[in-house]
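Trainee: sequence and predicted structure are below.
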Amino acid sequence: MTALPHTVTPEGPLRRETPIPSHYIEDADDAMSPLRVGVYRGTAVAATIAALGLWMVPIHQVDPIMQIFKLFLSASLLLGAAALMITQRQPAGPAIEIDPRRRTLTVIDVDADGRSNVRAEHAIDSLSEIVLRDSLLTARDASGNSLIALPVNDAATHAALAQLLGQETR
């Protein structure tokens, strides 16, 4: 048996730094492709039909163990189908609005009731860093904390942001 040496990681700026910004939005196109949605829906429909069709198979003698097994199996299939349908719903992240006239970056949240709430508003000039690189917009506040990291896939939005930030469009 091999003994591994005991190591201690010192406290430092890298250990306390959060690698994910407070407003991080994944690219929704990669997360749920139409093929994946179709496979999930097809599997959920098949599991639902199997759960209901299981009760159409007759049992010649009344066997309570078999009834309990059928009940457990059909409940498991229905729960699995419901889980597959729920995974298709993606929570919408906060909306990021950039006003070029006022030069502000606003983070707007939508609560469960559908009401929009302004979570944070930052002046673009007061941010320590706002960069549009490789179709990814990242911003840091004055203290260096990451504010947003979100993909920009639309060409017109990319050009407008590049113009606002004074960058060349590629």
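Mentor: Received, thanks.
Trainee: how about the helices in the protein?
Mentor: All helices of the chain, identified by DSSP state H, fall at 13-16, 28-31, 34-53, 64-86, 155-165.
Trainee: return the set of residues that bridge with A149.
Mentor: Legend: beta-bridge partners of A149 under DSSP bridges are Y24, T138.
Trainee: please verify my assumption that it contacts L137.
Mentor: Yes: A149 lies in contact with L137 (C-beta atoms under 8 Å); the separation is 7.4 Å. Glycine gets a C-beta too; all of them are placed from N, C-alpha and C.
Trainee: for those two, indicate the residue with more neighbours.
Mentor: L137 (21 against 17; other C-beta atoms under 10 Å).
Trainee: from N117, how far off is the more buried one?
Mentor: Using C-beta to C-beta, to the nearest Å, L137 is found at 22 Å from N117.
Trainee: same deal with Q67?
Mentor: Q67 sits 51 Å away from N117, going by C-beta to C-beta.
Trainee: now swap in S135 and tell me
Mentor: From S135 to N117 the distance is 28 Å (C-beta to C-beta).
Trainee: so for these two, which sits in the more crowded spot?
Mentor: For S135 and N117, the more surrounded residue by other C-beta under 10 Å is S135, and the numbers stand at 15 against 10.
Trainee: how about the contacts made by that one?
Mentor: Residues near S135 by C-beta atoms under 8 Å, 6 or more residues apart in numbering: 151-153, 158.
Trainee: got the domain boundaries for this protein?
Mentor: The chain breaks down by automatic domain parsing into domains covering 13-28+94-165, 34-86.
Trainee: against A95, how distant is D113?
Mentor: For D113, the distance to A95 - C-beta to C-beta - is 16 Å.
Trainee: which of these two has more neighbours?
Mentor: Neighbours were counted for D113 and for A95 using other C-beta under 10 Å; A95 has more, 14 against 5.
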